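J.: Fold the following for me, if possible:
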Amino acid sequence: MLNTIARTGTVLGLFTAETPEWGVTQVATTLGLPKSTTFDLLASLAEIGLLQQTTDDRYRLGWQLLVIRRRLINSMGVDDQTQRTVAALAQHLNAAITIGAIGAYDSWGVICIAHASASQTGPVLAEGARLRGHTSALGKFLIAQLSWPKVHQRIEQYGLAPLTVNSVSDIDVFRQQLTCARENDLAVEHGETVIGQSCLAVGIYGREHRVLAALSICTPTETMHSRHEEFATIARKAARTLLKQGISSHVPPVNYRNHR
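T.: Here you go, the predicted model:
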C-alpha cells in the first residue's frame with residue numbers, strides 16, 4: 001500500500017506545464033517500473049479522476065484535482081475575506097502581496113495560497129503556483145525555521161540553482177541569510193527572483209509561536225530600499241489581521257524544531 005501511495009505521488013509529479021501528457025511507456029521508462037504495473041496505476045488514477053485519458057491513450061491530470069485543490073484552500077481558511085485583505089493591501093502599497101507555505105517536507109519550494117498585485121504588468125501568481133524556495137523571501141523565511149541538517153540535506157538534493165545573477169548560490173551566504181531571517185523574524189531578497197524587484201517576508205504564526213505560513217510584500221528594489229521599515233511594520237500588522245480572520249487556525253502546522 002505504501003509503495004502504491006509513493007508511486008502515485010511520483011506519477012502525479014511528472015505532469016507539468018512543460019510535459020502535460022504522458023504515455024504508459026514513457027512513465028514506465030522514466031520511473032523504472034514494469035509496463036503492466038504502470039498501466040494499472042495510470043488506469044486506476046484515471047478511474048478516480050486524478051488523471052484523464054486522452055483520445056490517443058495518453059494521460060493528463062484529471063479535473064478531480066481541482067475539486068481537491070478548492071477543498072484544500074477552503075480548509076486553510078483562505079476565503080473571500082482573506083482575498084479581500086490581500087487585494088486591499090496590494091492596492092494600498094502598490095505592490096504584490098503573496099501568502100505562501102511549504103509545499104512538502106521533501107520539496108524545495110513554496111506553494112502560493114493567496115496572491116494579489118496592484119501592477120498590471122508584473123507576474124500574477126495563481127493559487128498553487130510554486131515559488132523557488134531559496135531565492136524568494138517567502139522561501140527564505142520558511143526554510144529558516146528548519147534545522148540546518150534538514151536544510152543542508154535539501155541543498156544536496158536540489159542545489160541552489162540561480163534564477164538571476166543576484167540569486168544566492170553560495171551555501172555559506174545562504175546559511176547567513178537564514179540566520180538573519182530567523183533572528184530578525186524577517187526575510188528579504190533583492191533581485192534574486194526577478195531583476196529589479198525586491199521582497200520581504202514575515203511569518204503568520206499559530207499557537208506556541210509556530211510558523212504556519214508567511215506573507216511577502218514585493219516592490220521595485222528602489223521602493224523597497226526607501227520604505228523597508230514601513231513595509232516590515234505593515235507586513236507584520238497584516239499577518240496579525242489574517243490571524244484574527246482565522247487563516248492560521250486552519251493551516252496545519254509544520255514541525256520546525258531545533259534550529260541549530
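J.: name the helices or strands packed onto the host helix or strand of residue 139?
T.: According to DSSP states H and E, residue 139 maps onto helix 137-143. Secondary-structure packing of helix 137-143 (3 or more C-beta pairs under 8 Å, 6 or more residues apart in numbering; DSSP states H and E): strand 96-102, strand 109-117, strand 130-132, helix 171-184, strand 187-190, strand 197-205, strand 211-220. In short, each C-beta sits where N, CA and C put it, glycine included.
J.: Residue 129: what's it in contact with?
T.: 111, 112, 115 (C-beta atoms under 8 Å, 6 or more residues apart in numbering).
J.: Ranking helices and strands of the protein by mean pLDDT, which lands last?
T.: helix 247-250 (a mean of 50; mean pLDDT, DSSP states H and E).
J.: low-confidence ranges in the stretch 151-260 of the chain?
T.: 246-260 (pLDDT under 70).
J.: picking up where we left off before, generate TSV for the helices and strands packed on helix 137-143, with mean neighbour count and distance to residue 80 as supplementary columns.
T.: Shown next, in TSV, are the helices and strands packed on helix 137-143 (neighbours: other C-beta atoms under 10 Å; distance: least, C-beta to C-beta, whole Å):
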stretch	mean neighbour count	distance to residue 80
strand 96-102	25	14
strand 109-117	22	11
strand 130-132	18	23
helix 171-184	16	31
strand 187-190	23	28
strand 197-205	24	18
strand 211-220	25	18
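J.: Could I get the ones you listed in CSV, plus columns for distance to residue 234?
T.: Below are the helices and strands packed on helix 137-143 laid out as CSV (distance: least, C-beta to C-beta, whole Å):
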stretch, distance to residue 234
strand 96-102, 10
strand 109-117, 14
strand 130-132, 21
helix 171-184, 16
strand 187-190, 14
strand 197-205, 10
strand 211-220, 7
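J.: still on that earlier bit, any idea of the mean pLDDT in the helix holding residue 139?
T.: Summarised as a single mean, pLDDT over helix 137-143 is 94.
J.: I'd like the next helix or strand past it.
T.: Following helix 137-143 in sequence, per DSSP H and E, is helix 148-158.
J.: ok now do residue 160, which residues does it touch?
T.: Per C-beta under 8 Å, 6+ apart, neighbours of residue 160: 134, 167, 168, 169, 170, 171, 174.
J.: Specify which member of those is nearest to residue 210.
T.: residue 134 (22.1 Å; C-beta to C-beta).
J.: three-state assignment of that closest one?
T.: When classified by DSSP: H, G, I helix; E, B strand; the rest coil, residue 134 comes out as coil.
J.: got a pLDDT number for it?
T.: 92.
J.: Chain neighbours aside, what residue packs nearest to it?
T.: In this structure, residue 134 finds its nearest non-sequential neighbour in residue 160, 5.5 Å apart by C-beta to C-beta, 6 or more residues apart in numbering.
J.: name the element the one you found belongs to?
T.: Judged by DSSP H and E, residue 160 forms part of no helix or strand.
J.: how far away is it from residue 140?
T.: 12 Å (C-beta to C-beta, to the nearest Å).
J.: shared neighbours of those two, which are they?
T.: residue 134.
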